[in-house]
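A.B. asks: Would you be able to build a 3D model of this:
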Amino acid sequence: MHMKYFSFGRVRIERGLLVMVVLFLISLPFVTPRVAASDEIEYFSYLPSILLDGDLDFRNQYEYFCNLDFEDCVRSRFKETFLDMRTATGLQINFGPMGTAVLWLPFYLVAHLFALVAQNFNPAFAANGVSAPYIYAVCMASVFYGWLGIYLAYCIARNYFAEWIALGAALTILFATNAVYYMYVAPAFSHAASLFASALFVYVWWRTRESRADGKLRDWFVLGASGGLMTMVREQEAVFFVIPLVEIAYAMYCAARSSENFAATKKWFGGALMMSVGACVVFLPQLISYRVLNGNFLPARNVTDKFTWDGNHILDVLFSNFHGLFTWTPVVLLAVIGLFFLWRHDKFLAAVFLIAFAVETYLLGSFSTWFGGAAYGGRRFINCTVIFVVGLAAFVDALHTRVPRPILAGAGALLIVWNLFFIIQFVTGMVPRQQPVDMLEMARNQFVGVPPRLFEIVQRFVLNRGSFFGR
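C.D. replies: Here you go, the predicted model:
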């Protein structure tokens with residue numbers, strides 16, 4: 001598709017990228033820099049423990065965060081789970097993988113250098129690995145990676161659809177789903193990093209389709225390495241390996257029906273092997289971490305025991321009023337429908353995206369904790385953001401010749417406002433966080449509950465943002 005650029009002297013910047021950079025920069029004051037929930041503490045603690053303590057004993061990090069509000073630490077059972085209990089190797093439990101910390105690392109190191117200087121002027125900036133500069137750094141890192149993941153998804157969509165459609169789809173998915181919540185309201189979770197890592201894997205796969213088909217092993221290795229990183233951010237994301245596996249299986253099937261059966265099969269088998277090598281090389285630090293913490297090369301039993309293989313909650317994770325994906329973020333339903341329209345432009349891409357989404361749904365529907373705890377919407381689906389962006393772009397492309405552009409833009413704006421008002425209800429306690437939501441009551445609040453309180457909520461957000469949160 002034809003792309004438009006802005007020129008600054010000799011520098012040319014693609015218009016879509018420039019729009020995203022500007023939105024990223026002006027949105028930074030809206031980031032909430034906090035590490036409080038147990039998941040956030042687990043992901044964060046890898047950095048000070050490994051870099052400053054040189055170990056995987058998280059006890060001092062856990063004690064620091066627990067002592068910030070000891071009563072809440074006890075009431076939330078953080079103390080009981082993470083301080084009173086130990087792993088088989090005698091260390092503190094950490095259910096979170098280390099990939100999010102790996103992505104945060106460059107920002108964390110900059111914060112450490114800043115703290116080394118700033119602590120001489122302000123003790124609040126102590127270079128202890130857990131003070132304010134470090135918290136700000138990892139939260140800003142999440143926003144950066146979230147936007148980068150959205151941009152990669154936009155790049156794929158732009159290849160098939162008009163620039164305005166691809167950009168509009170990317171921004172609508174960002175602001176009309178829980179992506180915006182986990183980038184700006186709760187950035188210290190792993191979900192923004194997950195959005196980026198999965199988008200990177202899909203982008204590398206899509207970008208190297210021709211070169212890998214020609215047997216370029218280096219690109220197979222890079223694909224595997226990006227997949228290793230993706231899996232190290234959240235183990236569930238390994239399901240996205242189904243995309244190249246379907247590609248390999250289909251290519252071998254076609255090869256079996258051709259005269260170049262052996263040569264083609266050998267080429268694709270070699271690619272699969274190189275992809276596996278790349279994944280294992282990058283994932284190796286996580287395996288070592290498992291071994292040190294758990295005494296084996298597997299995640300903690302508390303994580304693996306949640307998975308049942310039965311798929312009993314497939315419909316729940318999609319349609320339940322207890323954080324159901326389509327129920328809480330209806331724009332995603334339009335995006336999934338759009339994958340069928342994508343068939344007109346790239347049959348194989350549409351097929352593997354649908355397969356990946358189906359496998360992801362089965363996986364998440366097989367967890368005993370399918371509702372995702374005190375989540376805003378279907379948080380575990382955030383790794384599918386890249387699929388949703390392309391799907392929504394395909395949906396809009398199918399409509400734009402029959403529906404005027406202002407109406408399409410207005411519909412996107414309404415979906416965004418609906419989501420942002422829902423987030424306001426969620427953080428202010430107008431709807432429960434860990435129970436099913438009365439969707440009729442929520443809808444009523446969207447019109448008569450939230451608007452009268454907007455000024456007060458904005459004022460609290462600017463002057464006392466911490467009042468919205470409790471661990």
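A.B. asks: and the gap between residue 294 and residue 96?
C.D. replies: 13 Å (Cβ to Cβ, to the nearest Å). All C-beta spots, glycine's among them, are computed from the backbone N, C-alpha and C.
A.B. asks: ok, those two, which is more surrounded?
C.D. replies: Neighbour tally, residue 294 and residue 96, criterion other Cβ atoms under 10 Å: the higher count belongs to residue 96, 25 against 19.
A.B. asks: Next one: that one, what pLDDT does it get?
C.D. replies: pLDDT, residue 96: 94.
A.B. asks: Check which helices and strands the helix or strand containing residue 228 sits against.
C.D. replies: Remark: residue 228 resides in helix 217-233, with elements defined by DSSP states H and E. Applying 3 or more Cβ pairs under 8 Å, 6 or more residues apart in numbering; DSSP states H and E, one finds that helix 217-233 contacts helix 99-118, helix 191-207, helix 209-213, helix 261-294.
A.B. asks: Give me the buried positions along the helix or strand just after the first one.
C.D. replies: The C-terminal neighbour of helix 99-118 among helices and strands, as given by DSSP H and E, is helix 132-160. Of the residues in helix 132-160, those buried under the neighbour-count criterion (16 or more other Cβ atoms under 10 Å) are 133-160.
A.B. asks: cool, stretch 396-406 as well?
C.D. replies: 396-400.
A.B. asks: Out of these, show me where the pLDDT dips lowest.
C.D. replies: Among those, residue 400 has the lowest pLDDT, at 94.
A.B. asks: That one: what's it in contact with?
C.D. replies: 162, 165, 408 (Cβ atoms under 8 Å, 6 or more residues apart in numbering).
A.B. asks: Residue 63 too?
C.D. replies: Shown in contact with residue 63 (Cβ under 8 Å, 6+ apart): residue 83.
A.B. asks: For residue 429, find the nearest of the helices and strands packed on helix 217-233.
C.D. replies: helix 191-207 (21.5 Å; Cβ to Cβ).
A.B. asks: Please export the C-alpha coordinates of the closest one as PDB.
C.D. replies: This file holds the C-alpha atoms of helix 191-207, laid out as PDB (Å, rounded to 0.1, in the frame of the first residue of the first chain):
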ATOM      1  CA  HIS A 191       0.700  -7.500  29.600                       C
ATOM      2  CA  ALA A 192       2.200  -4.600  27.800                       C
ATOM      3  CA  ALA A 193       5.400  -6.600  27.400                       C
ATOM      4  CA  SER A 194       3.300  -9.500  26.200                       C
ATOM      5  CA  LEU A 195       1.600  -7.300  23.600                       C
ATOM      6  CA  PHE A 196       5.000  -6.300  22.200                       C
ATOM      7  CA  ALA A 197       6.600  -9.800  22.400                       C
ATOM      8  CA  SER A 198       3.800 -11.600  20.600                       C
ATOM      9  CA  ALA A 199       3.500  -8.800  18.000                       C
ATOM     10  CA  LEU A 200       7.200  -9.000  17.400                       C
ATOM     11  CA  PHE A 201       7.000 -12.800  16.900                       C
ATOM     12  CA  VAL A 202       4.100 -12.500  14.400                       C
ATOM     13  CA  TYR A 203       5.800  -9.600  12.600                       C
ATOM     14  CA  VAL A 204       9.100 -11.500  12.200                       C
ATOM     15  CA  TRP A 205       7.200 -14.600  11.000                       C
ATOM     16  CA  TRP A 206       5.100 -12.500   8.500                       C
ATOM     17  CA  ARG A 207       8.100 -10.400   7.300                       C
END
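A.B. asks: how about low-confidence regions in this protein?
C.D. replies: Scanning the chain for pLDDT under 70 picks out 1-12, 259-260, 469-471.
A.B. asks: ok but residue 323 is inside a strand, no?
C.D. replies: No. Residue 323 is assigned coil when assessed by DSSP: H, G, I helix; E, B strand; the rest coil, not a strand.
A.B. asks: Residue 344: how many residues sit nearby?
C.D. replies: 12.
A.B. asks: go on, residue 435?
C.D. replies: Burial of residue 435 is recorded as 11 neighbouring residues (other Cβ under 10 Å).
A.B. asks: can you tell me which helix or strand it belongs to?
C.D. replies: Using DSSP H and E, no helix or strand contains residue 435.
A.B. asks: and it, how far is that from residue 429?
C.D. replies: For residue 435, the distance to residue 429 equals 12 Å [Cβ to Cβ].
A.B. asks: what does residue 28 give?
C.D. replies: Distance from residue 28 to residue 429, counting by Cβ to Cβ: 27 Å.
A.B. asks: same check, this time on residue 123
C.D. replies: 34 Å.
A.B. asks: Could you chop this structure up by domain?
C.D. replies: In the assignment given by automatic domain parsing, the structural domains of the chain cover 38-136, 137-468.
A.B. asks: Mind checking these for the one nearest to residue 23?
C.D. replies: Per Cβ to Cβ, nearest to residue 23 of these: domain 137-468, 7.6 Å.
A.B. asks: Scan the contacts of residue 400 and report the most crowded one.
C.D. replies: Neighbour counts for the contacts of residue 400 (other Cβ under 10 Å) peak at residue 165, which has 23 neighbours.
A.B. asks: helix, strand or coil for that residue?
C.D. replies: Assignment for residue 165 (three-state DSSP): helix.
A.B. asks: quick one: contacts for it?
C.D. replies: 157, 393, 396-397, 400.
A.B. asks: Would you quantify the distance from residue 204 to residue 59?
C.D. replies: From residue 204 to residue 59 the distance is 38 Å (Cβ to Cβ).
A.B. asks: Show me which of those two is the more surrounded one.
C.D. replies: Each of residue 204 and residue 59 has its neighbours counted (other Cβ under 10 Å); residue 204 has more, 20 against 16.
A.B. asks: Just give the nearest non-adjacent residue to the more buried one, would you?
C.D. replies: Distances taken as Cβ to Cβ, 6 or more residues apart in numbering place residue 226 nearest to residue 204, at 4.8 Å, with adjacent residues excluded.
A.B. asks: Phi first, then psi, for residue 86.
C.D. replies: phi -140, psi 160 (degrees, to the nearest 10).
A.B. asks: What count of nearby residues applies to it?
C.D. replies: 12.
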